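# After the sequence you'll find the predicted model.
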Amino acid sequence: MSVMIAAFLFVLGLIVGSFLNVCIYRLPRDESVAWPASRCTSCGRPLSWYENIPVVSWAVLRGRCRTCGSRISMQYPIVELVTGVLFLGAYFAFGLTPLLPVRMLFACAMVVLFAIDLEHQILPNEITLPGIVIGFVCAMFLPPGWRSSLIALLAGGLFPFLVAEAYLRIRGREGMGMGDFKMLAMVGAFLGWPLVVLTLVLACVLGIVIGGGALLISRRGMETRIPFGTFIAVAALVCAYFEDPAMRAYERAVLALLVWVGLAS
Ligand SMILES: [Zn+2]
């Protein structure tokens, strides 16, 4: 472990996170992520370089636009910091290996999907469809290997389809959208089949605990759609970064369940 490399990756994450903010804002609005340069979303004034420094600018300007004084969302520095931490974490989890940039790219996609699904309840095809292809191509040369990747990207579509079908039968309407399937297929393409199953299980647990809790508190009833992609993103990152402990915990939980129902001792 080198402190220099760790610091470099953290700062790189902050800068990349700044670009992810642009994607999070513009993709759901069908705007180009490359052009024009960053501008205030309220008054439209282009930002100068010193207003574009990740986290620092937001803190110095105290979260307000220098010209029009409108609030700049906390989401900007949070996304930048989270991306920095994820890049740093990827270095600790995967070391200086060819897998490192692949997992960093995966983390970027999860951050963008997390935020867009939370705010707009959509998972843009611009991320998920290229993600499936890129994940599979990388798996041809790197872990988890193309077989595991192919099984997972197919299963990533099939398993949730069965869950969605069951939900439809029980509740009489759709609980998951097509975007969730494509996102799970993407997660499967990158992480392979054991981890995509684990991701789905963990996302369901998170969805039930956090989503269910939020629904109870808001009292808006079951009409509110739970942003399932948001939970998939968190679950997929946990599974990618903590593969071994996550698999062991999962095996113990399944075994405990089998013992409890009397199918194992
Ligand atoms: Zn402004």
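Great, that's in hand.
# List the contacts of the closest residue to the ion within the stretch 101-250 of the chain.
Minimum separation of the stretch 101-250 of the chain from the ion (CB to the ion) falls at E119, amounting to 20.1 Å. Using the backbone N, CA and C atoms, a C-beta is placed for each residue, glycine as well. Counting by CB atoms under 8 Å, 6 or more residues apart in numbering, E119 touches 24, 28.
# Can you name every helix or strand that the one helix or strand A240 maps to contacts?
Counting by DSSP states H and E, the element that carries A240 is helix 228-241. Applying 3 or more CB pairs under 8 Å, 6 or more residues apart in numbering; DSSP states H and E, we find helix 228-241 packed against helix 75-94, helix 99-120, helix 178-191, helix 193-206.
# got those as TSV, with distance to T41 and mean pLDDT columns?
Shown next, in TSV, are those (distance: least, CB to CB, whole Å; pLDDT from 0 to 100):
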stretch	distance to T41	mean pLDDT
helix 75-94	10	97
helix 99-120	13	97
helix 178-191	24	93
helix 193-206	30	92
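# Out of the ones you listed, which is the most enclosed?
Using mean count of other CB atoms under 10 Å, the stretch among the helices and strands packed on helix 228-241 with the largest mean neighbour count is helix 178-191, at a mean of 26.
# just checking, M4 is part of a strand?
No: according to DSSP: H, G, I helix; E, B strand; the rest coil, M4 belongs to no strand; its state is helix.
# Could you report the distance from it to P98?
Distance, M4 to P98, by CB to CB, to the nearest Å: 20 Å.
# which one of these two has more residues nearby?
For M4 versus P98, the count of surrounding residues by other CB atoms under 10 Å is larger for P98: 11 against 7.
# Next up, phi/psi of the more buried one, please.
Phi and psi for P98, reported as degrees, to the nearest 10, are phi -60, psi -20.
# Tell me which residues of the helix or strand harbouring F10 come out buried.
Taking DSSP H and E as the criterion, the element that holds F10 is helix 3-26. Within helix 3-26, the residues scored as buried using 16 or more other CB atoms under 10 Å are 9-10, 13-25.
# Find the nearest non-adjacent residue to L255, please.
A264 (6.3 Å; CB to CB, 6 or more residues apart in numbering).
# And what about the one you found, helix, strand or coil?
Under three-state DSSP, A264 comes out as coil.
# what about it, neighbour count?
Neighbour tally, A264, other CB under 10 Å: 11.
# If I look at it, what pLDDT would I see?
Listed pLDDT for A264 reads 79.
# Quick check: it vs the ion, distance?
Counting by CB to the ion, to the nearest Å, the gap from A264 to the ion is 62 Å.
# Over to P46?
10 Å.
# which helices and strands sit right next to the longest helix seen in the chain?
Secondary structure assigned by DSSP state H gives helix 146-171 as the longest helix of the chain. Counting contacts by 3+ CB pairs under 8 Å, 6+ apart, helix 146-171 is packed against helix 125-139, helix 178-191, helix 193-206.
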